[in-house]
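A.B. asks: my questions concern the predicted model and sequence given below.
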Amino acid sequence: MYSFKNDYAETAHPRILQAMIETNLEQDEGYGLDRHSENAKRSIAKRLGEFADKADVHFLCGGTQANLTAISAFLRPHEAVVAAETSHIFVHETGAVEATGHKILTVPTTDGKLSPERVEEVLEFHTDEHMVKPRLVKISDTTEIGPVYKLAELEKLSALCRRKGLFLYVDGARMGSALASEGNDVTLADLCRLTDAFYIGGTKNGAMIGEAMILCNDALKPDFRYHVKQKGGLLAKGRILGVQFEELFRDDLFFDLARRANVSAQTIAAALKKEGFGFLTDSPSNQIFPILPDSLIEKLQKEWAFYVWKKMDAKHSAVRLVTSWATTEDAVADFIQAVRA
(Lines give C-alpha, C1' and ligand atoms only; values in the text may rest on other atoms or scores of the structure.)
Protein backbone atom coordinates (compact mmCIF):
# COMPACT_ATOMS: atom_id res chain seq x y z
CA MET A 1 0.00 0.00 0.00
CA TYR A 2 1.43 3.39 -1.03
CA SER A 3 0.86 6.29 1.34
CA PHE A 4 -0.30 9.82 0.55
CA LYS A 5 -1.00 10.45 4.24
CA ASN A 6 1.87 12.85 4.91
CA ASP A 7 5.22 14.22 3.73
CA TYR A 8 7.41 12.72 6.45
CA ALA A 9 6.84 8.97 5.99
CA GLU A 10 10.36 8.57 4.59
CA THR A 11 13.31 9.06 6.95
CA ALA A 12 15.44 11.64 5.15
CA HIS A 13 16.93 12.59 1.80
CA PRO A 14 20.03 10.47 0.98
CA ARG A 15 22.31 13.52 1.00
CA ILE A 16 21.34 14.21 4.59
CA LEU A 17 21.90 10.61 5.63
CA GLN A 18 25.30 10.67 3.92
CA ALA A 19 26.23 13.89 5.71
CA MET A 20 25.24 12.32 9.03
CA ILE A 21 27.44 9.30 8.30
CA GLU A 22 30.42 11.42 7.22
CA THR A 23 30.29 13.53 10.38
CA ASN A 24 29.31 10.72 12.73
CA LEU A 25 32.64 10.32 14.53
CA GLU A 26 33.52 14.00 14.77
CA GLN A 27 33.82 15.48 18.24
CA ASP A 28 32.24 18.91 18.54
CA GLU A 29 30.50 21.26 20.94
CA GLY A 30 27.04 20.34 22.20
CA TYR A 31 23.74 22.20 22.43
CA GLY A 32 23.85 23.69 18.95
CA LEU A 33 27.23 25.40 19.40
CA ASP A 34 28.96 23.04 16.95
CA ARG A 35 30.49 24.17 13.66
CA HIS A 36 27.79 22.51 11.54
CA SER A 37 25.01 24.42 13.31
CA GLU A 38 26.96 27.65 12.90
CA ASN A 39 27.54 26.93 9.19
CA ALA A 40 23.84 26.15 8.76
CA LYS A 41 22.86 29.41 10.45
CA ARG A 42 25.12 31.36 8.11
CA SER A 43 23.73 29.55 5.05
CA ILE A 44 20.15 30.33 6.08
CA ALA A 45 21.06 33.93 6.91
CA LYS A 46 22.38 34.43 3.37
CA ARG A 47 18.83 33.80 2.14
CA LEU A 48 17.48 36.65 4.26
CA GLY A 49 18.84 39.47 2.12
CA GLU A 50 19.32 42.71 4.04
CA PHE A 51 18.31 40.93 7.25
CA ALA A 52 21.19 38.44 7.10
CA ASP A 53 23.01 40.08 10.01
CA LYS A 54 19.89 41.04 11.96
CA ALA A 55 17.96 37.79 12.37
CA ASP A 56 18.68 35.14 15.02
CA VAL A 57 18.48 31.47 13.95
CA HIS A 58 17.71 28.65 16.40
CA PHE A 59 17.18 24.96 15.70
CA LEU A 60 14.38 22.95 17.32
CA CYS A 61 13.26 19.35 16.93
CA GLY A 62 9.71 19.60 15.58
CA GLY A 63 6.79 21.84 14.74
CA THR A 64 4.77 21.45 17.93
CA GLN A 65 7.85 22.15 20.02
CA ALA A 66 8.72 25.16 17.87
CA ASN A 67 5.23 26.62 18.21
CA LEU A 68 4.81 26.16 21.93
CA THR A 69 8.36 27.38 22.65
CA ALA A 70 8.06 30.52 20.54
CA ILE A 71 4.54 31.51 21.51
CA SER A 72 5.06 30.96 25.24
CA ALA A 73 8.32 32.91 25.04
CA PHE A 74 6.77 35.86 23.24
CA LEU A 75 3.67 36.30 25.43
CA ARG A 76 2.95 37.45 28.97
CA PRO A 77 0.61 35.25 31.06
CA HIS A 78 -2.59 37.15 30.23
CA GLU A 79 -1.91 37.39 26.49
CA ALA A 80 -3.50 35.24 23.80
CA VAL A 81 -3.03 34.00 20.25
CA VAL A 82 -5.29 34.74 17.28
CA ALA A 83 -5.38 31.88 14.76
CA ALA A 84 -7.54 30.28 12.09
CA GLU A 85 -9.87 27.55 13.38
CA THR A 86 -7.96 25.09 11.15
CA SER A 87 -4.65 26.11 12.72
CA HIS A 88 -2.33 23.29 13.75
CA ILE A 89 -1.84 24.75 17.23
CA PHE A 90 -5.60 24.57 17.78
CA VAL A 91 -6.47 21.26 16.11
CA HIS A 92 -3.47 18.94 16.10
CA GLU A 93 -1.07 19.82 18.91
CA THR A 94 -2.95 18.38 21.90
CA GLY A 95 -3.43 21.83 23.40
CA ALA A 96 0.34 22.32 23.72
CA VAL A 97 0.19 26.11 23.46
CA GLU A 98 -2.78 26.37 25.81
CA ALA A 99 -0.96 24.09 28.25
CA THR A 100 1.62 26.89 28.59
CA GLY A 101 -1.21 29.16 29.79
CA HIS A 102 -2.09 31.03 26.60
CA LYS A 103 -5.58 30.91 25.16
CA ILE A 104 -6.05 30.48 21.40
CA LEU A 105 -8.74 32.71 19.91
CA THR A 106 -9.89 31.14 16.66
CA VAL A 107 -11.75 32.55 13.68
CA PRO A 108 -13.48 30.63 10.87
CA THR A 109 -11.94 30.72 7.39
CA THR A 110 -12.62 28.95 4.10
CA ASP A 111 -8.97 28.53 3.09
CA GLY A 112 -7.04 28.53 6.37
CA LYS A 113 -5.85 32.11 5.87
CA LEU A 114 -6.27 34.95 8.34
CA SER A 115 -7.34 38.34 6.99
CA PRO A 116 -6.92 41.70 8.73
CA GLU A 117 -10.70 42.00 8.93
CA ARG A 118 -11.09 38.74 10.86
CA VAL A 119 -8.29 39.70 13.25
CA GLU A 120 -9.92 43.07 13.88
CA GLU A 121 -13.18 41.34 14.80
CA VAL A 122 -11.32 39.54 17.59
CA LEU A 123 -9.73 42.78 18.77
CA GLU A 124 -13.07 44.57 18.86
CA PHE A 125 -14.51 41.89 21.13
CA HIS A 126 -11.58 41.64 23.56
CA THR A 127 -11.55 45.13 25.03
CA ASP A 128 -10.54 45.04 28.68
CA GLU A 129 -8.84 43.22 31.53
CA HIS A 130 -11.80 40.90 32.07
CA MET A 131 -10.76 39.00 28.96
CA VAL A 132 -7.47 37.67 27.66
CA LYS A 133 -5.55 40.19 25.59
CA PRO A 134 -4.91 39.32 21.92
CA ARG A 135 -1.19 39.87 21.41
CA LEU A 136 0.05 37.47 18.73
CA VAL A 137 -1.33 36.56 15.31
CA LYS A 138 -0.30 33.08 14.22
CA ILE A 139 -0.58 32.02 10.58
CA SER A 140 0.67 29.00 8.64
CA ASP A 141 2.25 29.06 5.19
CA THR A 142 1.22 26.84 3.57
CA THR A 143 -2.03 26.75 5.50
CA GLU A 144 -3.14 23.46 6.98
CA ILE A 145 -5.54 23.00 4.06
CA GLY A 146 -3.16 23.87 1.24
CA PRO A 147 -3.40 27.52 0.12
CA VAL A 148 -0.40 29.86 0.17
CA TYR A 149 -0.21 33.50 1.26
CA LYS A 150 0.49 36.09 -1.42
CA LEU A 151 2.84 38.98 -0.65
CA ALA A 152 0.01 41.54 -0.71
CA GLU A 153 -1.92 39.51 1.87
CA LEU A 154 1.08 39.31 4.20
CA GLU A 155 1.76 43.02 3.82
CA LYS A 156 -1.81 43.92 4.83
CA LEU A 157 -1.75 41.56 7.78
CA SER A 158 1.66 42.84 8.88
CA ALA A 159 0.49 46.45 8.65
CA LEU A 160 -2.49 45.70 10.88
CA CYS A 161 -0.34 43.88 13.44
CA ARG A 162 2.10 46.75 13.67
CA ARG A 163 -0.68 49.29 13.89
CA LYS A 164 -2.35 47.35 16.71
CA GLY A 165 0.82 46.31 18.55
CA LEU A 166 0.52 42.61 17.74
CA PHE A 167 3.27 40.10 17.02
CA LEU A 168 3.00 38.26 13.68
CA TYR A 169 4.33 34.71 13.81
CA VAL A 170 4.42 32.18 10.95
CA ASP A 171 4.26 28.41 11.39
CA GLY A 172 6.48 27.22 8.55
CA ALA A 173 6.10 23.45 8.80
CA ARG A 174 5.53 23.45 5.03
CA MET A 175 7.35 26.71 4.28
CA GLY A 176 9.34 24.97 1.56
CA SER A 177 6.17 24.02 -0.30
CA ALA A 178 4.86 27.59 -0.02
CA LEU A 179 8.05 29.22 -1.28
CA ALA A 180 8.38 26.73 -4.16
CA SER A 181 4.74 26.85 -5.23
CA GLU A 182 3.64 28.09 -8.65
CA GLY A 183 2.93 31.82 -8.54
CA ASN A 184 4.54 32.41 -5.15
CA ASP A 185 5.83 35.97 -4.75
CA VAL A 186 7.09 35.77 -1.14
CA THR A 187 10.75 35.35 -0.19
CA LEU A 188 12.48 34.59 3.10
CA ALA A 189 13.64 38.21 3.11
CA ASP A 190 9.99 39.33 2.83
CA LEU A 191 9.12 37.19 5.83
CA CYS A 192 11.88 38.85 7.84
CA ARG A 193 10.59 42.26 6.80
CA LEU A 194 6.93 41.58 7.56
CA THR A 195 6.91 39.24 10.57
CA ASP A 196 8.35 39.11 14.05
CA ALA A 197 9.30 35.45 13.85
CA PHE A 198 8.81 32.40 11.67
CA TYR A 199 10.24 28.95 11.29
CA ILE A 200 11.49 26.98 8.30
CA GLY A 201 10.28 23.38 8.43
CA GLY A 202 12.77 20.62 7.76
CA THR A 203 10.81 17.61 9.07
CA LYS A 204 8.29 17.79 6.21
CA ASN A 205 10.86 18.65 3.56
CA GLY A 206 13.60 16.06 3.51
CA ALA A 207 15.14 16.31 6.98
CA MET A 208 15.08 13.52 9.52
CA ILE A 209 13.93 15.98 12.19
CA GLY A 210 14.29 19.70 12.71
CA GLU A 211 12.91 23.20 12.28
CA ALA A 212 14.84 26.46 11.98
CA MET A 213 13.33 29.30 14.04
CA ILE A 214 14.06 32.80 12.73
CA LEU A 215 13.65 35.70 15.16
CA CYS A 216 13.31 39.01 13.32
CA ASN A 217 12.13 41.31 16.11
CA ASP A 218 14.96 42.39 18.43
CA ALA A 219 12.58 42.43 21.39
CA LEU A 220 12.05 38.67 21.07
CA LYS A 221 15.70 37.65 20.89
CA PRO A 222 17.03 37.96 24.47
CA ASP A 223 17.07 34.72 26.46
CA PHE A 224 15.39 32.67 23.73
CA ARG A 225 17.84 29.80 24.30
CA TYR A 226 16.61 29.69 27.91
CA HIS A 227 13.09 29.09 26.62
CA VAL A 228 14.30 26.43 24.18
CA LYS A 229 16.13 24.64 27.02
CA GLN A 230 13.16 24.87 29.39
CA LYS A 231 10.83 23.37 26.77
CA GLY A 232 13.17 20.44 26.14
CA GLY A 233 14.41 21.61 22.75
CA LEU A 234 18.08 22.28 23.41
CA LEU A 235 19.60 18.99 22.24
CA ALA A 236 22.89 17.90 23.75
CA LYS A 237 23.67 16.47 20.30
CA GLY A 238 22.54 19.67 18.62
CA ARG A 239 24.71 19.02 15.62
CA ILE A 240 22.13 16.43 14.50
CA LEU A 241 19.98 19.40 13.54
CA GLY A 242 22.87 21.53 12.32
CA VAL A 243 24.22 18.91 9.91
CA GLN A 244 20.80 18.50 8.32
CA PHE A 245 20.15 22.20 7.74
CA GLU A 246 23.75 22.68 6.63
CA GLU A 247 23.06 20.16 3.86
CA LEU A 248 19.58 21.48 3.02
CA PHE A 249 20.93 25.00 2.53
CA ARG A 250 24.34 24.10 1.09
CA ASP A 251 22.75 24.79 -2.30
CA ASP A 252 19.12 24.75 -3.44
CA LEU A 253 18.32 21.28 -2.06
CA PHE A 254 15.67 22.61 0.34
CA PHE A 255 13.80 24.34 -2.49
CA ASP A 256 14.37 21.53 -4.99
CA LEU A 257 12.79 18.99 -2.65
CA ALA A 258 9.79 21.21 -2.01
CA ARG A 259 9.36 21.86 -5.72
CA ARG A 260 9.47 18.13 -6.42
CA ALA A 261 6.74 17.47 -3.85
CA ASN A 262 4.58 20.23 -5.32
CA VAL A 263 4.93 18.92 -8.86
CA SER A 264 3.72 15.47 -7.79
CA ALA A 265 0.65 16.89 -6.04
CA GLN A 266 -0.20 19.26 -8.87
CA THR A 267 0.12 16.48 -11.44
CA ILE A 268 -2.49 14.51 -9.54
CA ALA A 269 -4.66 17.61 -9.13
CA ALA A 270 -4.57 18.38 -12.85
CA ALA A 271 -5.60 14.83 -13.70
CA LEU A 272 -8.47 14.88 -11.21
CA LYS A 273 -9.71 18.21 -12.54
CA LYS A 274 -9.64 16.77 -16.04
CA GLU A 275 -11.86 13.95 -14.76
CA GLY A 276 -14.32 16.56 -13.49
CA PHE A 277 -13.68 16.35 -9.76
CA GLY A 278 -13.85 19.45 -7.56
CA PHE A 279 -11.64 20.46 -4.63
CA LEU A 280 -12.18 21.66 -1.08
CA THR A 281 -9.56 24.41 -1.52
CA ASP A 282 -7.50 25.89 -4.31
CA SER A 283 -4.07 24.62 -3.32
CA PRO A 284 -0.83 25.11 -5.29
CA SER A 285 1.14 23.18 -2.68
CA ASN A 286 1.93 19.55 -1.93
CA GLN A 287 -1.39 19.11 -0.12
CA ILE A 288 -4.52 18.75 -2.22
CA PHE A 289 -8.10 18.07 -1.12
CA PRO A 290 -10.15 16.54 -3.95
CA ILE A 291 -13.85 15.82 -3.46
CA LEU A 292 -14.54 12.25 -4.52
CA PRO A 293 -17.50 9.85 -4.46
CA ASP A 294 -17.45 7.73 -1.32
CA SER A 295 -17.63 4.61 -3.49
CA LEU A 296 -14.41 5.64 -5.27
CA ILE A 297 -12.73 6.47 -1.96
CA GLU A 298 -13.56 3.01 -0.64
CA LYS A 299 -12.08 1.40 -3.74
CA LEU A 300 -8.90 3.51 -3.65
CA GLN A 301 -8.28 2.80 0.03
CA LYS A 302 -7.66 -0.84 -0.78
CA GLU A 303 -4.33 0.13 -2.34
CA TRP A 304 -3.65 3.72 -1.23
CA ALA A 305 -3.36 5.27 2.23
CA PHE A 306 -4.79 8.79 2.68
CA TYR A 307 -7.06 10.68 5.06
CA VAL A 308 -10.75 11.29 4.50
CA TRP A 309 -10.87 14.94 5.51
CA LYS A 310 -14.47 16.13 5.41
CA LYS A 311 -17.90 14.73 4.58
CA MET A 312 -19.40 16.93 1.85
CA ASP A 313 -22.79 15.29 1.33
CA ALA A 314 -24.44 11.88 1.54
CA LYS A 315 -22.27 10.42 -1.22
CA HIS A 316 -19.12 12.58 -1.42
CA SER A 317 -16.17 13.41 0.83
CA ALA A 318 -13.04 15.54 0.58
CA VAL A 319 -9.83 13.58 1.02
CA ARG A 320 -6.33 14.84 1.73
CA LEU A 321 -3.50 13.72 -0.54
CA VAL A 322 0.01 14.75 0.50
CA THR A 323 3.09 14.20 -1.64
CA SER A 324 6.72 14.47 -0.60
CA TRP A 325 10.19 14.90 -2.09
CA ALA A 326 10.30 11.10 -2.31
CA THR A 327 6.98 10.56 -4.11
CA THR A 328 7.76 8.65 -7.29
CA GLU A 329 6.47 9.37 -10.78
CA ASP A 330 5.24 5.79 -10.92
CA ALA A 331 3.17 6.26 -7.77
CA VAL A 332 1.60 9.40 -9.20
CA ALA A 333 0.82 7.71 -12.51
CA ASP A 334 -0.55 4.59 -10.82
CA PHE A 335 -2.85 6.61 -8.55
CA ILE A 336 -4.22 8.59 -11.49
CA GLN A 337 -4.83 5.35 -13.35
CA ALA A 338 -6.60 3.88 -10.31
CA VAL A 339 -8.94 6.89 -10.21
CA ARG A 340 -9.74 6.50 -13.91
CA ALA A 341 -10.21 2.71 -13.78
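C.D. replies: Great, that's in hand.
A.B. asks: where do the strands sit along the protein?
C.D. replies: Per DSSP state E, the chain has strands spanning 2-3, 56-60, 79-84, 104-107, 133-140, 167-171, 197-201, 211-215, 287-288, 291-293, 304-305, 307-311, 316-322. These are given in chain order.
A.B. asks: and the angle from the fifth one to strand 197-201?
C.D. replies: Using axes from the mean of the first three to the mean of the last three C-alpha atoms, to 10 degrees, one finds that strand 133-140 and strand 197-201 are set 30 degrees apart in direction.
A.B. asks: contacting residues around stretch 309-318?
C.D. replies: Applying C-beta atoms under 8 Å, 6 or more residues apart in numbering, the set of residues contacting stretch 309-318 from outside is 279-280, 289-295, 297, 308, 319-320. Glycine gets a C-beta too; all of them are placed from N, C-alpha and C.
A.B. asks: again, but for stretch 105-120
C.D. replies: Counting by C-beta under 8 Å, 6+ apart, stretch 105-120 makes contact with 80-87, 90, 121-122, 126, 132, 134, 137, 139-140, 143-147, 149, 153, 156-157, 159-161, 164, 166, 281-282, all of which sit outside it.
A.B. asks: ok, of the contacts of stretch 309-318, which come out buried?
C.D. replies: 280, 289-292, 297, 319-320 (16 or more other C-beta atoms under 10 Å).
A.B. asks: from the contacts of stretch 309-318, which is closest to Ala173?
C.D. replies: Of all those, the one sitting nearest Ala173 is Arg320; the distance, using C-beta to C-beta, is 14.5 Å.
A.B. asks: quick one: contacts for the closest one?
C.D. replies: 4, 287-289, 306-307, 309.
A.B. asks: now these in JSON lines, with distance to Thr327?
C.D. replies: Converted to JSON lines, those look like this (distance: C-beta to C-beta, whole Å):
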{"residue": "Phe4", "distance to Thr327": "8"}
{"residue": "Gln287", "distance to Thr327": "12"}
{"residue": "Ile288", "distance to Thr327": "12"}
{"residue": "Phe289", "distance to Thr327": "17"}
{"residue": "Phe306", "distance to Thr327": "12"}
{"residue": "Tyr307", "distance to Thr327": "16"}
{"residue": "Trp309", "distance to Thr327": "19"}
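A.B. asks: mind giving me the ChimeraX command for buried ones among the residues you listed?
C.D. replies: Selecting only the buried members of these in ChimeraX, with burial defined as 16+ other C-beta under 10 Å, works like this:
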select :4,287,288,289,306,309
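A.B. asks: state the pLDDT value of Ala341.
C.D. replies: Per-residue confidence for Ala341 comes out at a pLDDT of 87.
A.B. asks: any idea how far apart the tips of stretch 19-37 sit?
C.D. replies: Across stretch 19-37, the terminal residues are separated by 13 Å (C-alpha to C-alpha, to the nearest Å).
A.B. asks: list of residues touching that stretch?
C.D. replies: Where contact means C-beta under 8 Å, 6+ apart, the residues beyond stretch 19-37 that reach it are 12, 58-59, 208, 234-247.
A.B. asks: so how far is it off the chain centroid?
C.D. replies: Using C-alpha atoms, centre = their mean, to the nearest Å, the mean C-alpha position of stretch 19-37 is found 26 Å from that of the whole chain.
A.B. asks: how about it: buried residues?
C.D. replies: The neighbour-count check on stretch 19-37 (16+ other C-beta under 10 Å) flags 19-20, 23, 32, 34, 36-37 as buried.
A.B. asks: mind listing what Leu215 touches?
C.D. replies: Taking C-beta under 8 Å, 6+ apart as the criterion, Leu215 is in contact with 55-58, 196-197, 221, 224.
A.B. asks: could you rerun that using 7 Å?
C.D. replies: With contact taken as C-beta atoms under 7 Å, 6 or more residues apart in numbering, Leu215 is in contact with 55-56, 197, 221, 224.
A.B. asks: check those for burial and list the buried ones.
C.D. replies: 55-56, 197, 224.
A.B. asks: looking at those, spot the one nearest Gly63.
C.D. replies: Distance from Gly63 was checked for each of the buried ones among the contacts of Leu215 by C-beta to C-beta. The minimum falls on Ala197, at 13.9 Å.
A.B. asks: what about that closest one, distance to Lys138?
C.D. replies: Taking C-beta to C-beta, to the nearest Å as the criterion, Ala197 is separated from Lys138 by 10 Å.
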